[in-house]
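Student: got a sequence here, can you model it:
(one chain, ligands or ions: 1)
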Amino acid sequence: METILKVENLGKSFKNIPIIQDISFEVRKGEIMAILGPNGAGKSTTIRNIMGIMYPDCGTVKYINRKNIPRNKIGYLPEERGLYKNVKIMDILLYLAELKDYPLPKAKDRVLAYLKKFDLEGKENTTVEVLSKGMGQKVQFIASILHEPELLILDEPFSGLDPVAQELFKQEIRNLAAGGTAILLSSHQMNLVEEICDRLFLIHHGQKVIYGNMEDVKREYANFKCTIRGNNDHQELKGLPKVQRVEQKEGTTILYLAKDVQVAHWLKHLPEHLEINELSIDRISLHEIFIDIATNKNIQRKKV
Ligand SMILES: Nc1ncnc2c1ncn2[C@@H]1O[C@H](COP(=O)(O)OP(=O)(O)OP(=O)(O)O)[C@@H](O)[C@H]1O
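Tutor: Residues are numbered from 1 along each chain as shown. As a prediction, this is how the structure comes out:
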């Protein structure tokens, strides 16, 4: 797949404290690439450096082998939401499309189609001040995609949305990627993004924790866990082979298993007298992978 954006060795400090260090990744045509990490990890700082809102201390940002990113080919949803409050939605969106040199008649048709898609049909002559926060976010999302960008950068697109709106956003993001848009999105809600991203960059204290293809990351890091509902002896379960860690609460036990476990074989080790009302075997989530790796690596922020 063609690379659209290449970020190399990006670094930025504030008052001698490194906020991001040696950040390198690329975003390819038609893929959803996610920067994931907890609050304060450095996601927005990375994005702001890519967008030229702030300048990196070191590193480069290249767009299809050109030094400067053509602004009208990029869509951006900043973390700071905000639209002109007392201007009609259609007028704001057409104004923003015009700034991107996008043909107005086409933009108008697209506004109406997107308002309908996002359950805002008939709101084109409404002002933003009478919309709810989630509705406003939908309008701002429309603004970021109206001009058919080649590269779409979404900073925390799902925060503040209800589950229905989150699904709508996810669906549209998937559609855009399927149509060839290169998408870079950030989120601290890892489990929300897990199902839609093709590749991910996990960041913690401004540094890379994992970078790679979602499937490979899961294969490499997502060990199995066995969840048993029933009242059982914690110590006995902890003593079973290949059990690394046990969590128990309110009649449910989760056994975290070693990487090399053969699940079918392992199940034969379960004692017959266990109380099993329900049992499931799953791979751990991206969130759990993150906790494991971030804790093990014990990444500390260093002074430069
Ligand atoms: N302009 C600034 N001056 C000083 N420190 C800053 C500045 N911008 C960000 N930081 C610090 O950099 C760190 C990373 O912030 P950033 O906003 O990039 O994190 P994030 O991963 O996007 O977090 P969140 O999920 O909370 O949005 C934080 O500790 C923040 O306080």
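
Student: how about the helices in the protein?
Tutor: 43-51, 89-99, 104-117, 133-145, 163-178, 190-194, 214-221, 234-238, 263-267, 286-297 (DSSP state H).

Student: quick one: which of the ones you listed is nearest the ligand?
Tutor: Across the helices of the chain, the ligand has its closest neighbour in helix 43-51 (3.2 Å, C-beta to the nearest ligand atom). Where you see a C-beta, it was placed from the backbone N, CA and C, and this is true even at glycine.

Student: thinking again about what came up before, tabulate the helices of the chain (JSON lines), appending mean pLDDT.
Tutor: Listed next are these as JSON lines, based on pLDDT from 0 to 100:
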{"stretch": "helix 43-51", "mean pLDDT": "94"}
{"stretch": "helix 89-99", "mean pLDDT": "94"}
{"stretch": "helix 104-117", "mean pLDDT": "95"}
{"stretch": "helix 133-145", "mean pLDDT": "92"}
{"stretch": "helix 163-178", "mean pLDDT": "94"}
{"stretch": "helix 190-194", "mean pLDDT": "85"}
{"stretch": "helix 214-221", "mean pLDDT": "86"}
{"stretch": "helix 234-238", "mean pLDDT": "90"}
{"stretch": "helix 263-267", "mean pLDDT": "95"}
{"stretch": "helix 286-297", "mean pLDDT": "74"}
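
Student: compare those and give me the one nearest Ile64.
Tutor: When the helices of the chain are compared by C-beta to C-beta, helix 43-51 sits nearest Ile64, at 13.8 Å.

Student: by contact count, what packs against that closest one?
Tutor: Counting contacts by 3 or more C-beta pairs under 8 Å, 6 or more residues apart in numbering; DSSP states H and E, helix 43-51 packs against strand 3-14, strand 17-28, strand 32-36, strand 58-63, strand 151-155, strand 182-187.

Student: I'd say His188 and Gly40 touch.
Tutor: No: the pair His188 / Gly40 is not scored as a contact, 9.1 Å apart, by C-beta atoms under 8 Å.

Student: the two: who's more crowded?
Tutor: Higher neighbour count among His188 and Gly40: His188, with 17 against 13, using other C-beta atoms under 10 Å.

Student: which stretches of the stretch 201-304 of the chain have low pLDDT?
Tutor: Within the stretch 201-304 of the chain, the stretches with pLDDT under 70 are 295-304.

Student: quick one: the strands in it?
Tutor: 207-213, 224-229, 243-249, 252-257, 278-283 (DSSP state E, counting those that start in this stretch).

Student: contacts for the second one?
Tutor: If I follow you right, that is strand 224-229. For strand 224-229, contacts defined as C-beta atoms under 8 Å, 6 or more residues apart in numbering pick out 237, 251-257, 261, 263, 266, 274, 276-284, 288.

Student: can you flag the buried ones in those residues?
Tutor: In those, burial by neighbour count holds for 237, 253-257, 261, 266, 284, 288, counting by 16 or more other C-beta atoms under 10 Å.

Student: so how many other residues sit close to the nearest residue to Pro56 once chain neighbours are set aside?
Tutor: Excluding its sequence neighbours, the residue lying closest to Pro56 (C-beta to C-beta, 6 or more residues apart in numbering) is Asn49, at 4.6 Å. A count of nearby residues for Asn49, using other C-beta under 10 Å, gives 23.

Student: now do Gly136
Tutor: Count around Gly136 with other C-beta under 10 Å applied: 19.

Student: isn't it up against Leu83?
Tutor: Yes: with contacts counted by C-beta under 8 Å, Gly136 reaches Leu83, the gap being 6.4 Å.

Student: residue ranges of each domain in this structure, please.
Tutor: 3-219, 223-283 (automatic domain parsing).

Student: tell me which of the ones you listed sits most buried.
Tutor: Most buried of the domains of the chain, by mean neighbour count (mean count of other C-beta atoms under 10 Å): domain 3-219, with a mean of 17.
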